[in-house]
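S.K.: Here is my input; please provide its structure:
(2 chains)
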Amino acid sequence: MNYPMIFYILSRVLQLQGVFMALPCVTALIYREHQGVAYLIVMVGSLVLGTLGRYIKRDNQSFYAREGFVTVAFAWILMSLVGALPFVISGEIKSFVDALFESISGFTTTGASILTDVEAMSKTGLIWRSFTHWIGGMGVLVFLLAFLPMTGGSDMYLMRAESPGPSVGKLVPRMRSTAQILYGIYIFVTVAEIGTLLILGMKPFDSLALSFATAGTGGFGILNSSVGAYTMGQQTAITIFMILFGVNFNVYFLFLMKKPKQALKCEELRYYLIIIVVAITVITANIYNSGHYSTVRDALHHSAFQVGSIMTTTGFSTADFNVWPTFSQAVLVLLMFIGACAGSTGGGMKVSRWVLLFKSCRNELGRSVHPRSVRRVHFEGRPMEKSMIHSVERFVVAYLLVFVTSIILVSLDNLSFTETFTSVAATLNNIGPGLGVVGPAGNYSSLSILSKSVLMFDMLAGRLEILPMLVLLLRGTWKK
Amino acid sequence: MKIIVVGCGNVGGALTEQLCKEGHNVTVIDDSKESVEALANKCDIMGVVGDGASYSTQMEAGVEQADLLIAVTDSDEVNLLCCLIAKKAGDCSTIARVRNPVYNREVDFIKEELGLSMTINPELATAHAIARLLKFPSAISVETFAKGKVELSSFKLDAKNVLVGLQLKEVSSRLGCNVLICIVERDGEVHIPGGNFTLKENDVIHVAATPRNIVKFFRAMGMATKAVKDALIVGGGSTTYYLAQELISSGISTKIIERDAERADELSELLPDASIICGDGADRSVLMEEGIARASAFVSMTNMDEENIMLSMFARKVSQAKVVTRIHRIYYDELIKTLDVGSIIFPKFTTAEEIVRYVRAMSNSLGSNVETLYQLVDNRAEALEFWIREESPVVGVPLSELSLKDNLLLACINRKGSILIPGGQDKIMVGDTVIVITTHTGLHDVKDILED
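M.R.: Now for the predicted structure:
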């Protein structure tokens, strides 16, 4: 294990976090809030420590998959720890565990909160919460790769460990250009959303905070009613942008390269849109028929918002789906597990993994009828390697392992089964709200410290797609 | 530049690594997923798995935007087809590896008709490199610059050498000839030395001078300066064929030991003037019988790297011959350096270097001023030739007043055909070609030699 190199990269992450802290500091200046002092302290601290790290001697440049996993896992833990400090220092969140939960929930773009009254938070705290979503959405190491010159072989291992999806490739030959393109698209769409919301009459602070949270598919709101208090037009705009951020960024890149035909051919995108449309339709029918909404338009609006929010793992809400009929709830919980597209900012198990699993499952079924049949799984117009299918299957097993273990541990809190199950599902898939006490109108504050710790692990594991976090627990990782 | 490399085997890998290091955007194509992945993990490139000669694969690799496609797969035909398609689909420059001697004879026609920018024959390039060494047996390696007007030779200082213990500034006056010691390798480190550097035993030094001066220099040290008289080659592959051809034409009598009877027969057909021995070159008695002890040059070119190393060590032990070892695949730099196997030739680097040199020249027209580039000491130092086309901060100032980068040396100035080994009072003028030796990589303009 190349510790100097890992510490070096971690120090750059720290430095970067210091830079990011400038946003809440500026916000504090604008709104004349004393909480800004806490952010300033942490900002200076991380900048100093991070800059000192530049002098770490790193003669040994060897950097392999193992180092990549460990660096990414530690980078996220470090970011979350530092991101939690200002909440505690400013006194806005008293307990450190709660602050850390909030911070991890922010960076992993989960949006699960322990705050009972969001509106009591200072504007400084609110913007930092939303901004952590934005930072975590595309990934901080990708950001490092885009703007800081890194050395040689480490890049690919870092990107692969941080980016979601079954296979991670580059858009262009150079890592740095790839990362820059990704962030370019990310920033562009974020700005587009801010602009749209402003035009639709939202206050500048709200539009900024909500856009950050949408872009990272996070879900921290700044009102107790999440986004329920905004106008229908604004909610519709957020619905559209949520769905846009759940799309594989490769698609946007293809549009950028003026290859719209190829972009629209993307198989994952098609399935993603089909699932969304089907889910919206059945939920609309269900909640309209059960009499929750008087007009089809209202039903459609809320159904679309909730489906977009859950499917992309954002976790905003305009309606309390706790009171919706069970069928709609079941569909939403199902969407939690499907998640967004690979290579988007969303979480969950990713549409492409499901498509691959279903296709290989279908082939397996076919083989029981024609035992001698040979059939490769095709995806995105090309045959998939067996190793790819295997890695997806292994991912699912690891995922289930974490899921089941978490449920057992959280069940010690003696919540109802629905609540236990959805609290784990909502954090491991980086969504935020579950059902019952952790539902859209509730929060996670009543859980025990053990449950909170388990869910914190789940959020990190979910965002980093399980493996980097599990690698940390392997003994072989630490052996010389 | 945007470059597509088809085939990531031995040469493709070495080539990609070097091009990537020099800041080009490289995409590789290979039909083996494993090799593409291994390479993509090693350097910052994009990989495409597929048939490089297929139009759709090339489109996927972005041939439309590419400036250059280099086809170095195992098959000549595939390489040529790759280039043909790339030419039509992307209208880019193309380089193909063509190694079949039959095609090689018709290479000019092929180049012309298929619109290739360059063809490269690895065996021929290797043979050239070896022949250069045998014509100058005292040196470990020889490179030529400025169209042959300057040579850079390297050799190892043994304990008896008169240079041991001298400071560099004393060397020219002591030996009475104008040479410049540009690079010193000591204990695995590469130094670009200053005047106060003291030479020690076992240093490998690289000396730049005109061919005449270098001969004088070697003579002053009491080292052999003439080409070898005869050469013993073990292994009869195509490199051997090209090498023997070149050696024989320059009057060096050549003996080839080949294990396979059929191939030996074939060689005797192709090379009527060489003596072909059908026997096991790894057999001690065969070697002794064929006069390894008296040979003035020994080249080990069997297909097995390990065998080559063994044979060369044996040759060093039992004879005074100039020994050249060809190593294809294994690359344990630290280890091989310590073995006594004479000069080592890595065909993959030789080939990759020739291509890189072309790429450099090509990117010249796109903004860089490097005329030629040579990789020295296993790519740890570079010699670059700059042509001074216009006024710049380095022109007209005495060299002693320029603040040059560390580990950088102005080796010589070629002014209207005459070679100058520059001192502190000399100035660079417009129209000169200057050769710079440095351990920095990625210099694009002569201005880059100055400290930032």
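S.K.: distance of B:Ser75 from A:Gln329?
M.R.: As defined by C-beta to C-beta, to the nearest Å, B:Ser75 lies at a distance of 61 Å from A:Gln329. Where C-beta positions appear, they are placed from N, C-alpha and C, glycine not excepted.
S.K.: okay, those two: which has more neighbours?
M.R.: The residue with more neighbours, out of B:Ser75 and A:Gln329, is A:Gln329; 19 against 15, by other C-beta atoms under 10 Å in any protein chain shown.
S.K.: Would you mind giving both backbone torsions of the more buried one?
M.R.: The phi/psi pair for A:Gln329 (degrees, to the nearest 10) reads phi -60, psi -40.
S.K.: So which helix or strand of chain A has the lowest pLDDT on average?
M.R.: Least confident helix or strand, chain A: helix A:154-162 with a mean of 74, by mean pLDDT, DSSP states H and E.
S.K.: From the contact counts, what lies against that one?
M.R.: helix A:3-20, helix A:65-89, helix A:140-147, helix A:175-199, helix B:33-42 (3 or more C-beta pairs under 8 Å, 6 or more residues apart in numbering or on different chains; DSSP states H and E).
S.K.: so where do the strands sit in the stretch 101-250 of chain B?
M.R.: For the stretch 101-250 of chain B, applying DSSP state E, counting those that start in this stretch gives strands covering B:118-120, B:141-145, B:150-156, B:180-186, B:189-191, B:204-209, B:230-234.
S.K.: One more: chain A?
M.R.: A:378-379, A:382-383 (DSSP state E).
S.K.: In CSV: the helices and strands packed on helix A:154-162, plus mean neighbour count and mean pLDDT.
M.R.: Listed next are the helices and strands packed on helix A:154-162 as CSV, based on neighbours: other C-beta atoms under 10 Å in any protein chain shown; pLDDT from 0 to 100:
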stretch, mean neighbour count, mean pLDDT
helix A:3-20, 20, 90
helix A:65-89, 22, 92
helix A:140-147, 21, 82
helix A:175-199, 18, 92
helix B:33-42, 16, 86
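S.K.: So, low pLDDT: which residues of chain B?
M.R.: Chain B contains residues with pLDDT under 70 at B:146-148, B:224-225, B:364-369, B:452.
S.K.: Break it down into its domains, please.
M.R.: Under automatic domain parsing, the residue ranges defining each domain of chain B are B:2-120, B:143-220, B:230-345, B:369-449.
S.K.: OK, contacts around the residue located most distally from the centre of chain B?
M.R.: What lies farthest from the middle of chain B is B:Ser56; by C-alpha atoms, centre = their mean that is 35.0 Å. B:Ser56 makes contact with B:Gly50, according to C-beta atoms under 8 Å, 6 or more residues apart in numbering or on different chains.
S.K.: quick revisit: and the contacts of the least confident helix or strand of chain A?
M.R.: Residues from elsewhere that reach helix A:154-162, judged by C-beta under 8 Å, 6+ apart: A:5, A:9, A:63-65, A:67-69, A:71-73, A:139, A:141-142, A:144-145, A:150, A:168, A:170, A:175-176, A:178-179, A:464, A:467-468, B:40-41, B:44.
S.K.: same thing but at 6 Å, please
M.R.: If you take C-beta atoms under 6 Å, 6 or more residues apart in numbering or on different chains as the criterion, helix A:154-162 is touched by A:63, A:65, A:68-69, A:72, A:139, A:141, A:145, A:168, A:175, A:468, B:41.
S.K.: In these, find the pair that's most separated.
M.R.: A:Gly139 and B:Asn41 (19.4 Å; C-beta to C-beta).
S.K.: can you tell me which residues contact A:Gly50?
M.R.: By C-beta under 6 Å, 6+ apart, the contact list for A:Gly50 reads A:11, A:14-15, A:18.
S.K.: let's go with 8 Å and repeat that
M.R.: Contact partners of A:Gly50, counting by C-beta under 8 Å, 6+ apart, are A:11-18.
S.K.: re the thing from before, closest one to B:Cys92 out of the contacts of helix A:154-162, please.
M.R.: Of all the contacts of helix A:154-162, A:Met175 has the smallest distance to B:Cys92: 23.2 Å, by C-beta to C-beta.
S.K.: ok, which residues in the stretch 251-400 of chain A are in contact with chain B?
M.R.: A:Glu385 (C-beta under 8 Å from any C-beta of the partner chain).
S.K.: just for chain A, where's the confidence low?
M.R.: Checking chain A against pLDDT under 70 turns up A:149-154, A:165, A:168, A:480.
S.K.: Just the closest residue of it to chain B, please.
M.R.: Of all residues in chain A, A:Pro173 sits closest to chain B, with a separation of 4.2 Å (C-beta to the nearest C-beta).
S.K.: count of residues packed around that residue?
M.R.: By other C-beta under 10 Å, 24 other residues sit near A:Pro173.
S.K.: Isn't it up against B:Asn25?
M.R.: Yes: using C-beta atoms under 8 Å, A:Pro173 is in contact with B:Asn25, at 4.2 Å.
S.K.: ok, back up a step: may I see the helices and strands packed on helix A:154-162 arranged in a markdown table, with distance to A:Tyr444 as well?
M.R.: Formatted as a markdown table, these follow (distance: least, C-beta to C-beta, whole Å):
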| stretch | distance to A:Tyr444 |
| --- | --- |
| helix A:3-20 | 24 |
| helix A:65-89 | 15 |
| helix A:140-147 | 24 |
| helix A:175-199 | 27 |
| helix B:33-42 | 40 |
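S.K.: Can you check which of those gets nearest to B:Lys416?
M.R.: Across the helices and strands packed on helix A:154-162, B:Lys416 has its closest neighbour in helix A:175-199 (43.3 Å, C-beta to C-beta).
S.K.: Off-centre distance for that closest one?
M.R.: 16 Å (C-alpha atoms, centre = their mean, to the nearest Å).
S.K.: Next: stretch A:129-145.
M.R.: For stretch A:129-145, the distance from its own C-alpha centre to the chain's C-alpha centre is 10 Å (C-alpha atoms, centre = their mean).
S.K.: So that stretch, near chain B or not?
M.R.: No: with C-beta under 8 Å from any C-beta as the criterion, chain B is not reached by stretch A:129-145; the gap is at least 9.9 Å.
S.K.: Any buried residues in stretch A:346-361, and which?
M.R.: The neighbour-count check on stretch A:346-361 (16 or more other C-beta atoms under 10 Å in any protein chain shown) flags A:346-357, A:359-360 as buried.
S.K.: Repeat that for stretch A:330-350.
M.R.: Residues A:331-333, A:335-336, A:338-350 are the ones in stretch A:330-350 that count as buried (16+ other C-beta under 10 Å).
S.K.: can you pull the contacts of B:Glu371?
M.R.: B:361, B:364, B:384-387, B:433.
S.K.: SS state for it?
M.R.: strand (DSSP: H, G, I helix; E, B strand; the rest coil).
S.K.: From chain A, how far out is it?
M.R.: Between B:Glu371 and chain A the computed distance is 26 Å (C-beta to the nearest C-beta, to the nearest Å).
S.K.: Can you pull the residues of the stretch 1-150 of chain B lying near chain A?
M.R.: So the stretch 1-150 of chain B meets chain A at B:2, B:25-27, B:33, B:40-46 (C-beta under 8 Å from any C-beta).
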